[in-house]
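K.L.:
Structure, please.
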Amino acid sequence: MSSLLETTRQALGLLLGGDPDLWQIVGISFTVSGLALAICWLPALLLGFALAYLPLPARWLWLTLLHTLQSIPTVVIGLLLYMLLSRSGPLGDWQWLFTQQGMIAGQVLIGFPVVAAMSHATFQHSDRRAFETALTLSGSRLRALRQVCHECRFGLLAAGVTAFSRIVTEVGCATLVGGNILYFTRNITTAIALETQKGAFTQGIALGMVLLALALLLNLLLALLQGRAFLRS
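P.N.:
Residues are numbered from 1 along each chain as shown. Below you'll find the predicted structure:
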């Protein structure tokens, strides 16, 4: 017990002391995951809206595919990308293997079905009359879509929070595609796995604290926004 407390104290010291190696790992992790979410956010949201509001052919097949992609282990996605991006793979000329670009591509594949499925569920339970009314008044599908997104903003924000949480905490794809290269592709989860295997728990605990703090902050922010909207209504 005393050793655990001492390790936790040392981990707090790394965080509060601004350890450069630790915070570089945090910066890489947040940068990669933030870019991945930014890339997949709008296309996934548009797909979710189309599946909820438009009479697309084989809509059930699209939904089944989205839910299947959500449940695929991230290490399988990483293995697929590894084979595609390796020198002998069809995308080997891109030279994305063991790079941040490869990690971003993997996290886009992981986050896209989460945002699309959750935004579809949000739009599906919204009032369709809001879109029809906005479309009638504005005559613009884009403005009508913006109005519906505003009405569904908390569900869409929850989709973004969930997707970001999933991609920033995944380890399988990041390890295979990124290679866990220090100062380049080592992110929070791969660093935790490496330090744990070495028996050096201080940095791993410190990085785990960062993830816990991030999860708490995101959920508090979402709850605060929902609370303000409730009070205004």
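
K.L.:
Give me the most central residue, the protein.
P.N.:
Against the mean C-alpha coordinate of the chain, by C-alpha atoms, centre = their mean, the closest residue is residue 164 at 2.5 Å.

K.L.:
Who are the contact partners of residue 168?
P.N.:
Taking C-beta atoms under 8 Å, 6 or more residues apart in numbering as the definition of contact, the neighbours of residue 168 are 29-30, 33, 188-189, 211, 214. Using the backbone N, CA and C atoms, a C-beta is placed for each residue, glycine as well.

K.L.:
Next secondary structure element downstream of the strand or helix carrying it?
P.N.:
If you go by DSSP states H and E, residue 168 is part of helix 153-169. Next helix or strand after helix 153-169 toward the C-terminus (DSSP H and E): helix 172-173.

K.L.:
packing partners for that following helix?
P.N.:
Using 3 or more C-beta pairs under 8 Å, 6 or more residues apart in numbering; DSSP states H and E as the contact definition, the elements that helix 172-173 packs against are helix 74-85, helix 100-124.

K.L.:
from these, which stretch is densest packed?
P.N.:
Burial of those is given as mean neighbour count (mean count of other C-beta atoms under 10 Å); helix 100-124 ranks first at a mean of 24.

K.L.:
Can you tell me which helices and strands that helix packs against?
P.N.:
With 3+ C-beta pairs under 8 Å, 6+ apart as the test, helix 100-124 has helix 20-53, helix 59-71, helix 74-85, helix 153-169, helix 172-173 packed against it.

K.L.:
Please work out which of those helices is packed deepest.
P.N.:
Counting by mean count of other C-beta under 10 Å, helix 172-173 has the highest mean neighbour count of the helices and strands packed on helix 100-124, with a mean of 23.

K.L.:
next helix or strand past that helix?
P.N.:
Heading C-terminal from helix 172-173 (DSSP H and E), you reach helix 188-198.

K.L.:
what packs against the helix or strand just after that following helix?
P.N.:
Toward the C-terminus, helix 188-198 is succeeded by helix 201-232 as the next helix or strand (DSSP H and E). Contacts defined by 3+ C-beta pairs under 8 Å, 6+ apart place helix 201-232 against helix 2-16, helix 20-53, helix 153-169, helix 188-198.

K.L.:
For residue 72, which of the ones you listed is the nearest?
P.N.:
With distances scored as C-beta to C-beta, the stretch of the helices and strands packed on helix 201-232 nearest to residue 72 is helix 153-169 (11.8 Å).

K.L.:
Measure how that closest one sits relative to helix 59-71, angle-wise.
P.N.:
Using axes from the mean of the first three to the mean of the last three C-alpha atoms, to 10 degrees, the direction of helix 153-169 lies 40 degrees away from that of helix 59-71.

K.L.:
CA atoms only for helix 153-169, dumped as PDB, please.
P.N.:
Presented in PDB, the C-alpha positions along helix 153-169 are these (Å, rounded to 0.1, in the frame of the first residue of the first chain):
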ATOM      1  CA  ARG A 153     -26.700  19.700 -30.300                       C
ATOM      2  CA  PHE A 154     -26.400  17.900 -27.000                       C
ATOM      3  CA  GLY A 155     -26.800  14.500 -28.600                       C
ATOM      4  CA  LEU A 156     -24.300  15.400 -31.200                       C
ATOM      5  CA  LEU A 157     -21.900  16.700 -28.600                       C
ATOM      6  CA  ALA A 158     -22.300  13.400 -26.700                       C
ATOM      7  CA  ALA A 159     -21.400  11.600 -29.900                       C
ATOM      8  CA  GLY A 160     -18.200  13.700 -30.300                       C
ATOM      9  CA  VAL A 161     -17.200  13.100 -26.600                       C
ATOM     10  CA  THR A 162     -17.800   9.400 -26.900                       C
ATOM     11  CA  ALA A 163     -15.800   9.100 -30.200                       C
ATOM     12  CA  PHE A 164     -12.900  11.200 -28.800                       C
ATOM     13  CA  SER A 165     -12.900   9.100 -25.600                       C
ATOM     14  CA  ARG A 166     -12.800   5.900 -27.700                       C
ATOM     15  CA  ILE A 167     -10.000   7.000 -30.000                       C
ATOM     16  CA  VAL A 168      -7.800   8.700 -27.400                       C
ATOM     17  CA  THR A 169      -7.900   5.600 -25.200                       C
END
